[in-house]
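[1] return a 3D structure for these sequence lines:
(chains A, B and C)
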Amino acid sequence: MQLEKVSGETPEQRLSALSLELPPVPEAVADYVTHTQIGSMIYTSGMLPWVAGELKFAGKMGAELTLEQGYKAFQLSALNGLSLLKSITGDLSKIKRVHRLEGTGGATPDFFDMPLALNGASHLINTVFGEKGAHTRMIYSNPSMPINCATLLVFWVEVE
Amino acid sequence: MQLEKVSGETPEQRLSALSLELPPVPEAVADYVTHTQIGSMIYTSGMLPWVAGELKFAGKMGAELTLEQGYKAFQLSALNGLSLLKSITGDLSKIKRVHRLEGTGGATPDFFDMPLALNGASHLINTVFGEKGAHTRMIYSNPSMPINCATLLVFWVEVE
Amino acid sequence: MQLEKVSGETPEQRLSALSLELPPVPEAVADYVTHTQIGSMIYTSGMLPWVAGELKFAGKMGAELTLEQGYKAFQLSALNGLSLLKSITGDLSKIKRVHRLEGTGGATPDFFDMPLALNGASHLINTVFGEKGAHTRMIYSNPSMPINCATLLVFWVEVE
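    Sure thing, here's the model as predicted:
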């Protein structure tokens, strides 16, 4: 399921070469903000797998959702993160490094493939940013998720 | 359930206007410390919903606990965090910004309202700190919690 | 189960006095990197309880695993972290402070002793680093874990 290496000079061109489109800039679903900046680091809140507030992946891996759907859900969470980051920086080339991804997915007690699902985000980030996308990650499975969304993804990125 | 905007020049005055009292400074429950400072950032350990070591909210949302109890539990976890932060800074006005809240709650597999429960912390922080309280957040539901506490809350705050 | 205070001038000597050996440097299990550095801070990915890629503790606390096995699993996750940190710094004495441990363990809904299990990591870090090891921590129980590993442990450390 790994994304192909693609041509393109900028993150935006590589997204385009992958035929992936950034969804509208995500909004916070409760009484918080979508991101904060500390020095040159931007930390996001959890990004959902939605488009303009419409949830595209609901339910748990191991139950309603297959691994492949979990992969796609994390990819869409990542695309929402990129949409947010582009709205902040104006240009994804301003991102010097993606340092960490924190991925949480809804899962049943017998689903052990969350790392493969989270690759939906990791492959995208690596493909779009190349060496600047080399990230650490932490992974969580949860018995239940906010509004039953499939995935949440937090970014730690360093900007110019 | 959102807290009203209240009068008061300082965080302490606003807490008082809300008729909320800070609990005693929380202690670590195992072999770790309650907080650490890196540059101007303070990071806490997970704050429990207790008063002087006596747990006020035990059990899981979706089972023993209602959403409203979960809301109150996160509020009490937040008050413990403020008590700790006041003991460190001497004065909550020294807090320049609350950057992130990490909230974890015990929940059953069919409880999808954790964001509304975590608002118990978010509303308090927003009310007490105003714009300085605008925070990102990450949310987790867990099948079981330390000593069966309802909630844990981590603060990332920037100080003068 | 707390580790004894041991003699030794350096972290490496104290590990040796504890008769503990560092496992081979752990590798990433998917499409990410094992650590990143931001200024003087190193953040690791989740460290598994394995030796050279062979998982030593699988399953959940409260089911297949006892508390004591969970303690040992977190200890082994911590030893993998120390092996990684030594490979980065060349010398564990270069670590000025362990600021935070993030521990996640697989658990059943009725297992409330994860703090005691995570002490397997905390006792080791406190014993090996002394005051420099005084760390905050966050703890999570998850219904299912990557490749069914018992534990994952993330380090935040400050280096010279």
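[2] for chain A, which residues are neighbours of chain B?
    Residues of chain A lying close to chain B (Cβ under 8 Å from any Cβ of the partner chain) are A:29-36, A:38, A:43-46, A:60, A:102, A:104, A:108-109, A:140, A:142-148, A:152, A:154. Any C-beta I mention is one placed from the backbone N, CA and C, and that applies to glycine too.
[3] from the residues you listed, which would you call buried?
    Buried residues within the residues of chain A next to chain B, defined by neighbour count using 16 or more other Cβ atoms under 10 Å in any protein chain shown: A:29, A:31-36, A:38, A:43-46, A:60, A:102, A:104, A:108-109, A:140, A:142-146, A:148, A:152, A:154.
[4] from those residues, which land in strands?
    Mapping those onto strands (DSSP state E) picks out A:35-36, A:38, A:43-44, A:102, A:104, A:140, A:142, A:152, A:154.
[5] identify the farthest-apart pair in those.
    Maximum pairwise distance among those (Cβ to Cβ): 26.1 Å, between A:38 and A:142.
[6] can you tell me how far residue A:38 is from chain C?
    10 Å (Cβ to the nearest Cβ, to the nearest Å).
[7] avg pLDDT for the lengthiest helix in chain A?
    Looking across chain A with DSSP state H, the single longest helix is helix A:67-89. Mean per-residue pLDDT for helix A:67-89: 98.
[8] packing partners for that helix?
    helix A:11-17, strand A:41-44, strand A:50-51, strand A:95-106, helix A:114-129, strand A:151-159 (3 or more Cβ pairs under 8 Å, 6 or more residues apart in numbering or on different chains; DSSP states H and E).
[9] and if we set it to 6 Å?
    Contact partners of helix A:67-89 among helices and strands, from 3 or more Cβ pairs under 6 Å, 6 or more residues apart in numbering or on different chains; DSSP states H and E: helix A:114-129, strand A:151-159.
[10] low-confidence ranges, chain A, go.
    A:1-4 (pLDDT under 70).
[11] near chain C, which residues of it?
    A:99, A:107, A:109, A:111-112, A:114-115, A:119, A:122-123, A:126, A:134-141, A:143 (Cβ under 6 Å from any Cβ of the partner chain).
[12] export the ones in strands among the buried ones among the residues of chain A next to chain B as TSV, with columns for distance to residue C:12.
    Putting those into TSV (distance: Cβ to Cβ, whole Å) gives the following:
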residue	distance to residue C:12
A:35	41
A:36	39
A:38	34
A:43	34
A:44	38
A:102	32
A:104	36
A:140	33
A:142	38
A:152	39
A:154	35
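[13] for those, which one is nearest residue A:160?
    residue A:38 (15.3 Å).
[14] do you know how far the residue lying closest to that closest one once chain neighbours are set aside is from residue B:152?
    Distances taken as Cβ to Cβ, 6 or more residues apart in numbering or on different chains place residue B:99 nearest to residue A:38, at 6.0 Å, with adjacent residues excluded. Distance from residue B:99 to residue B:152, counting by Cβ to Cβ, to the nearest Å: 18 Å.
[15] same check, this time on residue A:14
    39 Å.
[16] please apply the same query to residue A:13.
    Taken as Cβ to Cβ, the span from residue A:13 to residue B:152 is 43 Å.
[17] now do residue A:71
    In terms of Cβ to Cβ, residue A:71 sits 30 Å off from residue B:152.
[18] residue A:65 too?
    Counting by Cβ to Cβ - residue A:65 and residue B:152 are separated by 27 Å.
[19] what does the longest helix of chain A rub up against?
    A:1, A:22-23, A:25-26, A:34, A:44, A:47, A:49, A:56-57, A:61, A:92, A:105, A:113, A:116-118, A:120-121, A:124, A:150-151, A:153, A:155, A:159 (Cβ atoms under 6 Å, 6 or more residues apart in numbering or on different chains).
[20] now the residue nearest to the spatial centre of chain A. Nearest residue, chain neighbours left out?
    In chain A, the residue lying closest to the centroid (Cα atoms, centre = their mean) is residue A:78, at 1.9 Å. Nearest residue to residue A:78 in three dimensions, chain neighbours excluded: residue A:121, at 4.0 Å (Cβ to Cβ, 6+ apart).
[21] surely residue A:152 and residue A:46 touch.
    Yes. Judged on Cβ atoms under 6 Å, residue A:152 makes contact with residue A:46 at a distance of 3.5 Å.
[22] so who does residue A:100 touch?
    A:135-136, A:156.
[23] can you rerun that using 8 Å?
    For residue A:100, the contacting residues are A:135-138, A:154-156, C:36, C:43, by Cβ atoms under 8 Å, 6 or more residues apart in numbering or on different chains.
[24] residue A:20 now?
    Residue A:20 touches A:79, A:124, counting by Cβ under 8 Å, 6+ apart.
[25] next, it: secondary structure please.
    coil (DSSP: H, G, I helix; E, B strand; the rest coil).
[26] if I look at it, how far off is residue A:35?
    Counting by Cβ to Cβ, the gap from residue A:20 to residue A:35 is 21 Å.
[27] related to what we said a few turns ago, what touches both of residue A:152 and residue A:46?
    Contacts common to residue A:152 and residue A:46, judged by Cβ under 8 Å, 6+ apart, are A:104, A:146, B:138-139.
[28] just give the nearest non-adjacent residue to residue A:64, would you?
    Using Cβ to Cβ, 6+ apart, the closest residue to residue A:64 is residue A:58 (7.4 Å).
[29] the one you found contacts residue A:151, correct?
    No. Judged on Cβ atoms under 8 Å, residue A:58 makes no contact with residue A:151 at a distance of 10.2 Å.
[30] neighbour-wise, which of the two wins?
    More crowded of residue A:58 and residue A:151, by other Cβ atoms under 10 Å in any protein chain shown: residue A:151, with 31 against 17.
[31] just to revisit the earlier point, how much space between the residue nearest to the centre of chain A and residue A:119?
    With Cβ to Cβ as the criterion, residue A:78 and residue A:119 are 11 Å apart.
[32] cool, and residue A:132?
    From residue A:132 to residue A:119 the distance is 18 Å (Cβ to Cβ).
[33] these two: which has the busier surroundings?
    residue A:119 (25 against 18).
[34] wait, isn't that one in contact with residue C:146?
    No. Using Cβ under 8 Å, residue A:119 makes no contact with residue C:146, being 11.4 Å away.
[35] give me the neighbour count for residue A:134.
    The number of residues near residue A:134, taken as other Cβ under 10 Å, comes to 17.
[36] contact partners for it?
    Here residue A:134 is in contact with A:97-98, A:126, C:32-33, C:36 (criterion: Cβ under 8 Å, 6+ apart).
[37] mind putting the residues you listed into CSV with distance to residue A:8?
    Below are the contacts of residue A:134 laid out as CSV (distance: Cβ to Cβ, whole Å):
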residue, distance to residue A:8
A:97, 19
A:98, 17
A:126, 14
C:32, 22
C:33, 22
C:36, 24
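[38] ok, those residues vs chain B, which is closest?
    residue C:36 (15.2 Å; Cβ to the nearest Cβ).
[39] the closest one bridge partners, please.
    Going by DSSP bridges, residue C:36 is paired in beta bridges with residue C:43.
[40] show me the contacts for it.
    A:97, A:99-100, A:134-136, C:42-43.
[41] farthest pair within the contacts of residue A:100?
    Among the contacts of residue A:100, A:154 and C:36 lie farthest apart (Cβ to Cβ), at 14.5 Å.
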